[in-house]
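Visitor: give me the fold of what follows.
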Amino acid sequence: MHTHPMNFAVLQLILAVPVLYCGRNFFQGGFKSLFHGNPNMDSLVAIGSGCSFAYSVVMTFLISDDPSYVHNLYYESSAVVLTLVSLGKFLESRNMQKTKGAITALMQLSPDTAVLADSGREVPTVQLKVGDVVLVKPGARVPADGTVTGRARAASMRPCSPARACRWRRTPAARSSAAASTKTACCMYG
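Guide: Below you'll find the model as predicted:
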């Protein structure tokens, strides 16, 4: 670095340019939102990385006049900021996909139909109204959130936590969640 400062500066420049090119979406979206008067996180990243890169380019040209300017290069800072923010966005999107998958799996646990207790008819769960009393047979899943109205036994809260399923004694007036399953006998939910 001290013996060949210009070579050191040019090497940093060559290594930083591909990282900035890969992070060009920050510059495009960040400056666009900044010029529209609605700055966001991408604007902050674009300004920070862009300024440190531009300052380093100016210092690179001034190294020929004074080699001590080699200590004022910030190419790596602009590259590291873009890399870490890109990594953060990647991890966030991956976790969002996992969360969507988990919610979809939970939604698929609730049954599509329910048996009305008064008529014995099977109806789609989307047609259930407040006040409807449904019959849940042993081993079946509870079609909607509600209150136990009669003939209660034990119910498992397995869909809420597969690793820690627990048996709760259900009594009349106890609350129950959709997709819970009954174990030993019929229950009526309303």
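
Visitor: which stretches of the protein have low pLDDT?
Guide: Along the chain, the model assigns pLDDT under 70 to residues 1-2, 150-190.

Visitor: ranges for the helices of it?
Guide: 5-22, 24-35, 41-62, 75-109 (DSSP state H).

Visitor: of all the residues in the longest one, which ones are buried?
Guide: Residues of helix 75-109 classed as buried: Tyr75, Ser77, Ser78, Ala79, Val81, Leu82, Val85, Ser86 (neighbour count, 16 or more other Cβ atoms under 10 Å). C-beta coordinates here come from the backbone N, C-alpha and C atoms, glycine included.

Visitor: quick check: Lys137 vs Tyr69, distance?
Guide: 81 Å (Cβ to Cβ, to the nearest Å).

Visitor: who's more crowded, those two?
Guide: Tyr69 (18 against 11; other Cβ atoms under 10 Å).

Visitor: doesn't Met59 make contact with that one?
Guide: Yes. With contact defined as Cβ atoms under 8 Å, Tyr69 reaches Met59; the gap is 4.8 Å.

Visitor: could I get the buried residues of helix 75-109 as CSV with distance to Pro5?
Guide: Conversion of those to CSV gives the following (distance: Cβ to Cβ, whole Å):
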residue, distance to Pro5
Tyr75, 13
Ser77, 18
Ser78, 19
Ala79, 19
Val81, 24
Leu82, 25
Val85, 30
Ser86, 30
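
Visitor: show me what contacts the nearest residue to Tyr55 once chain neighbours are set aside?
Guide: In space, and not counting its chain neighbours, Tyr55 is closest to Tyr74: 6.2 Å by Cβ to Cβ, 6 or more residues apart in numbering. Listed by Cβ atoms under 8 Å, 6 or more residues apart in numbering, the contact set of Tyr74 reads Ser52, Phe53, Tyr55, Ser56.
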